[in-house]
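Q: got a sequence here, can you build the structure:
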Amino acid sequence: MADRRDSAPDLRILGDEITLQPSGFVGGEGKEEALMKNMARFRSEPLQFLREVSLYVSGTGWRAYDDVIGQPIFYSGFSEHIKTQVMSATLLQTKISQLADMRVAVEEKEGLLNKYEKDFQTKRAQRRAVLIESLQEVAENLTDNMICKFESKTFIRGAYYMVTQLLLRAYHQGIHVSSEEVLRLRSVAEEAARKKQSIIFLPCHRSHVDYVSLQLLCYRLGLALPVIVAGDNLNFPLVGSFLQHAGAMFIRRSFGDDQLYTTLVQAYIDVLLQGGYNLACFIEGGRSRTGKLLPPKFGILSFVLDSLLSGRVDDAIICPVSTQYDKVVETEGYVTELLGVPKKKENLADFLSGGSNVLSLRLGRVDVRFHEPWSLRGFVTDQITRLSKVPSAVNINWKDTQNAIVRQKVLRTLGYKVLADINDVSVVMPTALIGTVLLTLRGRGVGRAELIRRIEWLTDRVRAKGGRVAHFGTAPLSDVIERGLDVLGKDLVGVVNGLAEPTYYAVDRFQLSFYRNMTIHLFISEAMVAAALYTRVKRGGGPSIQDIPYKDLHEQVLFLSSLFRGEFIYSSEGLAANLEKTLAGLEADNVIHIEKDEEGNITKVGLSDAERAAGRENYDFYCFLIWPFIESSWLAAVSLMGLTPPLEQTDDIWIQVSKAHNSAQLLGKTLYHQGDLSYFEAVNKETLKNSYQRFEEEGIIQVVRSKDPRIPPRMRLAPDWRPSRDTLTGNLVASGRLWDFTEKIASSRREGKNRRDGATVSTRVVKLTDELGQKLFEDAVRQEDGKKGGAPARLSSEEAKNLSKFVKEQKRRRRLENRAHL
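A: Reported below is the predicted structural model:
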């Protein structure tokens, strides 16, 4: 009997009947089948192909999409019905009246309306009516462009057939699900439909295929399709209309200060949730270019939470969703973006040309997992109760859900709970196992036997950590690995034949890291402990030198966990409990030994004799997982050294944030090729941006964002973090607060033949970052003096005043959060 967590997609669908077979069921054709499998093709099976097409055209059986679980959709007039509800929403009409009143007041102040004229009130009323009519028209156009248009069952039947044909040609092994999860979801959906409550699907986002697979599954399982929140960058000719009629709700990437648009989105969310229509939005916002979960984006979640907390909606059901792939079709493009090439705007030509290439690929399979759905109202109630019982550094009534601080706290907790739930149900694919092993071994390559051995070990570790491994029935592991290697292809994993045994090696380590990052969330605690222990292990020598006092270990783990707070999702148990649990697990696995005092308190931690005898292979595995991220964070911190103003500069010069990121990436590429970085993926733009974001949260850098969308964000190194300069030469001095911070990160960096010594870093590397930094200062001043537009190098008086307020607020917020800081 297969492990329940690893059970195959044992859901059998015969006609309209959906039944659950025993886990690991084998019958019929003698094999387990995917929920969705390839359809007939005209060239090979013309009669079967024509039969399938006729079934969809006529809407035979489940294909009719008539008896769905949920509120009625796909009928003529659906869009007008929703649009009417949105436009008549009290929230929207009140905002339109407010905006009209505000504009009238401005026109009065500017003398455009003369209040001393005898017919002033009449003219004022007429002008207000004109403004309201104009705003109504704008709102109607915005609504029409935004809302999904579930209008025609004929359309959705045809769309389902066409998209399934295309998708299953690329992912030739189909879409797989867990039967237990799917049947549970159907049961929850039936209860939600009776209560007229919405199911809010919150999937992770790694590919454009994510929303396609979710819609296909809902259609096949007879669930009402969710309205999917999509960026308006996908609303280009033909494709945008198709997506909108298939369920896409298009919104802007940024709302700015557009009060009308913000209220309109809120009104539409209200209408959907009040009507019990299902909704889906990606918790990470955009697609993850790195393979691991991104920090949550709170935009749409904040609208959903406002609907609930305001009382306009009673409850909604949250369903986190994990979608995993053998191979993500966009990874090659992701690498290009992460190396600094600007992302291209979506257009029809690229869409069509890209699609034709995808159809010729054999990308394996898609695995979709649904977490157990839960009540949003129940979650909020539990959070308010918990917050009310916890002592707080500030005087806040945590039961006041209209309080902005209370809402923000609940919203943040909601976002990270969803991410944790997604990680809990995620399935580790064979390609992720292969990528992880290849990137966590020393040496150029690995023999076939050793590759199988390490994947067996990793599979056991994944399961021991509560993770799930994709199930392949009775296929032996060697066949599963061969299949994974075939899907990854020779562009990612090479093989050297003609040797004593086939030897595999990573061809494109940068792209392969995408698949390694699909497993890192399971081992992040062990990786941080290993990196903290490495501060002593790298000294060499015996246990007396390499063992680390528990106090020092705790301090470094605390530092690293805070450093990567925006990078990884941690256990909710807290650092102390999590560290204790992690150390116990590593000791049980014979990776470390622990010394305790007479009272049972841990005093010292070090590598076990067995781990030393095994060549540190398991310990090294954890180090290799996190070293690229440590290198990237170190690189970002080093690049900040260059933002120290020159000696002759008397006023503050603000650097465009995107240019600072580009400069840091250029520094990283240079250091990699000169041997000062071990990992090229450390120049990953996404990881560097996360580091800068983290530094901003801690006040190491200060960022100013203008209300004018034409002016990009600007930054400077906070005055109390600036290194000093030699008064004679003007050179940066490798000392001070920022240098100590950088060295603390460096203490857990990988040592070895690819690394220079510390003295080189403190001289040549600092000199290089200073040279790049000075170019940033020169370009900023030159651009402003030349009046070329862009980002002004100096702040206006209003911006300076707002910055002062923000810095004070930021300090207050950090005290309020009461968590570990750098």
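
Q: which residue is nearest the middle of the protein?
A: The centroid of the chain falls nearest to residue 294 when counting by C-alpha atoms, centre = their mean (2.4 Å).

Q: contact partners for the spatially closest residue to that one that is not a sequence neighbour?
A: Nearest residue to residue 294, sequence neighbours excluded (C-beta to C-beta, 6 or more residues apart in numbering): residue 284, at 4.0 Å. (C-beta placed from N, C-alpha, C; glycine too.) Counting by C-beta atoms under 8 Å, 6 or more residues apart in numbering, residue 284 touches 204-205, 293-297.

Q: repeat that for residue 269.
A: So residue 269 contacts 279, 300, 303-304, 307 (C-beta under 8 Å, 6+ apart).

Q: and those, which is the shakiest by pLDDT?
A: The lowest pLDDT within the contacts of residue 269 belongs to residue 300, with 93.

Q: so that one sits against residue 227, correct?
A: No: using C-beta atoms under 8 Å, residue 300 makes no contact with residue 227, being 11.0 Å away.

Q: and of the contacts of residue 284, the nearest to residue 563?
A: Nearest to residue 563 among those, counting by C-beta to C-beta, is residue 295 at 14.0 Å.

Q: for residue 625, which non-adjacent residue is spatially closest?
A: Distances taken as C-beta to C-beta, 6+ apart place residue 527 nearest to residue 625, at 4.6 Å, with adjacent residues excluded.

Q: what is the burial count for the one you found?
A: 24 (other C-beta atoms under 10 Å).

Q: helix or strand for it, which one?
A: Taking DSSP states H and E as the definition, one finds residue 527 inside helix 524-537.

Q: quick one: list the elements packing against that helix.
A: If you count contacts as 3 or more C-beta pairs under 8 Å, 6 or more residues apart in numbering; DSSP states H and E, helix 524-537 packs onto helix 543-546, strand 548-549, helix 550-563, helix 575-588, strand 602-607, helix 617-641.

Q: columns distance to residue 123, mean pLDDT and mean neighbour count on top of the ones you listed, output as CSV?
A: Formatted as CSV, the helices and strands packed on helix 524-537 follow (distance: least, C-beta to C-beta, whole Å; pLDDT from 0 to 100; neighbours: other C-beta atoms under 10 Å):
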stretch, distance to residue 123, mean pLDDT, mean neighbour count
helix 543-546, 85, 87, 12
strand 548-549, 79, 95, 16
helix 550-563, 61, 96, 19
helix 575-588, 66, 92, 16
strand 602-607, 80, 94, 19
helix 617-641, 58, 96, 24
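
Q: the residue of the chain positioned farthest from its centre is in what secondary structure piece?
A: The centre of the chain is farthest from one residue, residue 118, which by C-alpha atoms, centre = their mean lies 60.6 Å away. Using DSSP H and E, residue 118 sits in no helix or strand.

Q: now the helices: where do they sit in the stretch 251-400 of the chain?
A: Ranges of helices within the stretch 251-400 of the chain are 259-274, 299-309, 331-338, 348-359, 376-389, based on DSSP state H, counting those that start in this stretch.

Q: quick one: which of those helices has the weakest pLDDT on average?
A: Minimum mean pLDDT among these: helix 348-359, a mean of 49.
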